[in-house]
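Student: 3D model of this:
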Amino acid sequence: MALSFVDIHLELLPIIFDSVVRPQHLTFLCLVNKSFNEFAVKRLYRHIYIYAWHTNLKAKSKVLLLFQTLAHCPRLAQYVSRLGESRPVHDTNAVTNPHYTEIRAFPKALSSSSYNDLLDLCTRGIQNCVNLRSCAWTRDGSLESAILLALQQCPQLKELEINGKDSGYYDPNILTQFSKLSRISLIMPSAQVIEVLPSWISATGPTLRNLTVICQTSSLITDTLLESLAPSMTELDQLSIIGCPKVTHRGIGEIVSTNRNGLTGIGLEGLSPAFDMTSFNSICKEHQAFRRLRSITLAVHIEMPFQTWAGDVAELLSTAPLEILRIYATTPTPKVVIADNFWKTIVTMHGSRLKQFSINRMTISMGALYDICSRCSVLEQLFVATTRHNLDDVTRCFAVAHNLRAIHVNFYGEVNETEEQSMMKDALRIVRQCPATVTQIGCDTKVWHVQREVLMNDKNELYTIPTLTSYENPDIPEQFLVTRGA
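Tutor: Numbers count the residues shown, from 1 in each chain. Okay, the predicted model is just below:
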């Protein structure tokens, strides 16, 4: 007898729905019946996001409809825990914290009255999001004081990511009233926001576990500023400082040396060329700062003495229980080469734990890549740069990594229309030689899901072939976020 929807045990629905990633598909599930709606609607509203690449007209429509719903339907608003655009997959809180809101696109070309009406909807909608735990509001010029004040009324709010360029749209002093945050992410902070940062960090320091500062080439973030913040960040677990060319080992060293428990993750990207890895290594060793470190992201300046730098980094990581290693050059060029001995040392020390290896904008030898793939027994994600000439050799390396889930290959050189059309063929060349564990493949700017089609041969034996389908997950693929500070 054929089963129908009503025959599915209700306790199975949450498990089934957890595998549904597209909002459109969750919407369809909401319409099946009341039981489906009860479980699916919670997941549909749990994570709300508006992408930055939506057109202004599309963004206007989405934002208006979204906040009309949240303002007028408190029952639905209570399900919202995540609002805005997708966070990096490498954020260790992304899996454990589903209550998140991200707004990275926001209509700006509105009349004064229309904008005021929208702002009123936003504030009322946010106030109804009583279970909101995390919010990203990053569109330049869209964050207002009224929005910040509304967010302060969300009793469960623990994470805040904002555009730090206030430009007179909001009062930076309001930020100091967010005193129970566990995660703060500031993008392009202005001088006025930086001025209140010490008092803000002091207020939320006891609960703060994750701090990210993202700039392009800002001279406002300095060692002196970081030294003033360090005494209030003794409980910090994760630190990322990106695009701050005035920051050296001195400022970062002060933070890690005053930290009580040791960081679990650190990202040092686009900092001063004067950053002395030897001195930083000494500071970390003295304070056992990396005894809990599981993740590190490092950007290498092209003028760096690679041999000395590599030796210092290997020693720096020697006592860390490392699981994720990302290294990239600030300037994309195959001329940046780190000796094979460095990779061999890393694999020897951490191969049994490493789950992600990302080596971008620099050259790695086939011997070193094969060593990584063959000896990192739990490796799940691998991102590398190469040439199409070496693609077959690279693929042979991938084939010996028996636990891989995601692969991304960046090709050196410009991508023309012909190459764009051949990316899918390149991706298929790779996955056909890779273990069946691979579920995601990317080449340059394209990413696909890998599915396995079951076929039967002439002997009635079943076999599978890989096929590529469009990437549907709303989370931005990790590989597009690794080099954000360059």
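Student: Could I get the full set of helices for the stretch 251-400 of the chain?
Tutor: According to DSSP state H, counting those that start in this stretch, the stretch 251-400 of the chain carries its helices in the segments 277-287, 306-316, 340-350, 366-375, 391-398.
Student: and for the first one, what are the contacting residues?
Tutor: To tie it back to what came earlier, the one meant is helix 277-287. 249, 252-253, 256-257, 259, 289-290, 308-309, 312-313, 315-316 (C-beta atoms under 8 Å, 6 or more residues apart in numbering). The C-beta positions use only the backbone N, C-alpha and C, and glycine is treated the same way.
Student: Now, of the residues you listed, which are buried?
Tutor: 249, 252-253, 256, 259, 289-290, 309, 312-313, 315-316 (16 or more other C-beta atoms under 10 Å).
Student: Sheet-wise, list the partners of the longest strand along the chain with their directions.
Tutor: Secondary structure of the chain per DSSP state E: the longest strand is strand 446-456. Applying DSSP bridges, strand 446-456 is found paired with strand 440-443 (antiparallel), strand 462-470 (antiparallel).
Student: deepest of these, which one?
Tutor: Comparing these by mean neighbour count (mean count of other C-beta atoms under 10 Å), strand 440-443 ranks first with a mean of 24.
Student: Could I get the CA-only coordinates of that one as CSV?
Tutor: The C-alpha trace of strand 440-443 is given here as CSV (Å, rounded to 0.1, in the frame of the first residue of the first chain):
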residue,chain,number,x,y,z
GLN,A,440,30.5,20.2,-3.5
ILE,A,441,33.0,21.3,-6.3
GLY,A,442,34.0,24.8,-7.4
CYS,A,443,36.2,26.3,-10.1
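Student: Output the below-cut-off pLDDT ranges for this protein.
Tutor: Scanning the chain for pLDDT under 70 picks out 1-6, 51-60, 84-110, 332-335, 413-421, 474-486.
Student: For T69, state which of the contacts of helix 277-287 is nearest.
Tutor: Checking the contacts of helix 277-287 against T69 with C-beta to C-beta, the nearest one is N259 at 42.3 Å.
Student: before we move on, back to that, convert the C-alpha atoms of the longest strand of the chain to PDB, please.
Tutor: The C-alpha trace of strand 446-456 is given here as PDB (Å, rounded to 0.1, in the frame of the first residue of the first chain):
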ATOM      1  CA  LYS A 446      31.400  28.900  -9.900                       C
ATOM      2  CA  VAL A 447      30.200  26.300  -7.300                       C
ATOM      3  CA  TRP A 448      28.100  23.200  -7.800                       C
ATOM      4  CA  HIS A 449      26.600  20.500  -5.700                       C
ATOM      5  CA  VAL A 450      27.700  17.000  -6.700                       C
ATOM      6  CA  GLN A 451      25.000  14.400  -7.000                       C
ATOM      7  CA  ARG A 452      25.300  10.700  -7.800                       C
ATOM      8  CA  GLU A 453      23.000   9.300 -10.500                       C
ATOM      9  CA  VAL A 454      22.400   5.600 -10.200                       C
ATOM     10  CA  LEU A 455      22.500   3.600 -13.400                       C
ATOM     11  CA  MET A 456      22.500  -0.100 -14.400                       C
END
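Student: what residues are up against S179?
Tutor: S179 neighbours (C-beta under 8 Å, 6+ apart): 203-204, 207.
Student: and it, that one's in a helix?
Tutor: No - with DSSP: H, G, I helix; E, B strand; the rest coil as the criterion, S179 is coil rather than part of a helix.
Student: residues touching S112, list them.
Tutor: Residues counted as contacts of S112 (C-beta under 8 Å, 6+ apart): none.
Student: Residue numbering should commence at 637 henceforth.
Tutor: Sure thing, new numbering starts at 637, so read that last one as S748.
Student: Quickly note the distance from it to L755.
Tutor: Using C-beta to C-beta, to the nearest Å, S748 is found at 11 Å from L755.
Student: returning to what we had before: may I see the ChimeraX selection of the buried members of the contacts of S815?
Tutor: To isolate the buried ones among these in ChimeraX, judged by 16+ other C-beta under 10 Å, type:
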select :839,840
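Student: Pull the most distant pair out of the buried ones among the contacts of helix 913-923.
Tutor: Maximum distance among the buried ones among the contacts of helix 913-923 (C-beta to C-beta): 23.3 Å, for N895 and W945.
Student: ok, E890 - how many residues close by?
Tutor: 20 (other C-beta atoms under 10 Å).
Student: now it: how far from N1026?
Tutor: Note on E890: its distance to N1026, by C-beta to C-beta, is 43 Å.
Student: A910 too?
Tutor: 35 Å.
Student: ok, C1009 touching E1016?
Tutor: No - the pair C1009 / E1016 is not scored as a contact, 11.9 Å apart, by C-beta atoms under 8 Å.
Student: ok so, going back, and the buried ones among the contacts of helix 913-923 as CSV, adding distance to G901?
Tutor: Listed next are the buried ones among the contacts of helix 913-923 as CSV, based on distance: C-beta to C-beta, whole Å:
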residue, distance to G901
H885, 18
I888, 13
G889, 17
V892, 12
N895, 12
A925, 12
F926, 10
W945, 20
D948, 19
V949, 16
E951, 19
L952, 14
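Student: Return the member of the residues you listed nearest to L706.
Tutor: N895 (38.2 Å).
Student: can you pull the contacts of the closest one?
Tutor: 869-872, 923, 925.
Student: Try it again at 6 Å.
Tutor: Residues near N895 by C-beta atoms under 6 Å, 6 or more residues apart in numbering: 870, 872.
Student: quick one: it from Q992, how far?
Tutor: For N895, the distance to Q992 equals 23 Å [C-beta to C-beta].
Student: got it, and L861?
Tutor: Separation of L861 from Q992 (C-beta to C-beta): 31 Å.
Student: Check V983 too.
Tutor: Distance check for V983 against Q992: by C-beta to C-beta, it reads 13 Å.
Student: Check M1060 too.
Tutor: Counting by C-beta to C-beta - M1060 and Q992 are separated by 24 Å.
Student: So for these two, which sits in the more crowded spot?
Tutor: A count of neighbours by other C-beta under 10 Å puts Q992 above the other of M1060 and Q992, at 21 against 14.
Student: bridging residues for the more buried one?
Tutor: Beta-bridge partners of Q992, as defined by DSSP bridges: I960, Q1017.
Student: Tell me if I'm right that it and L961 touch.
Tutor: No - at 7.2 Å, Q992 does not count as touching L961 under the criterion of C-beta atoms under 6 Å.
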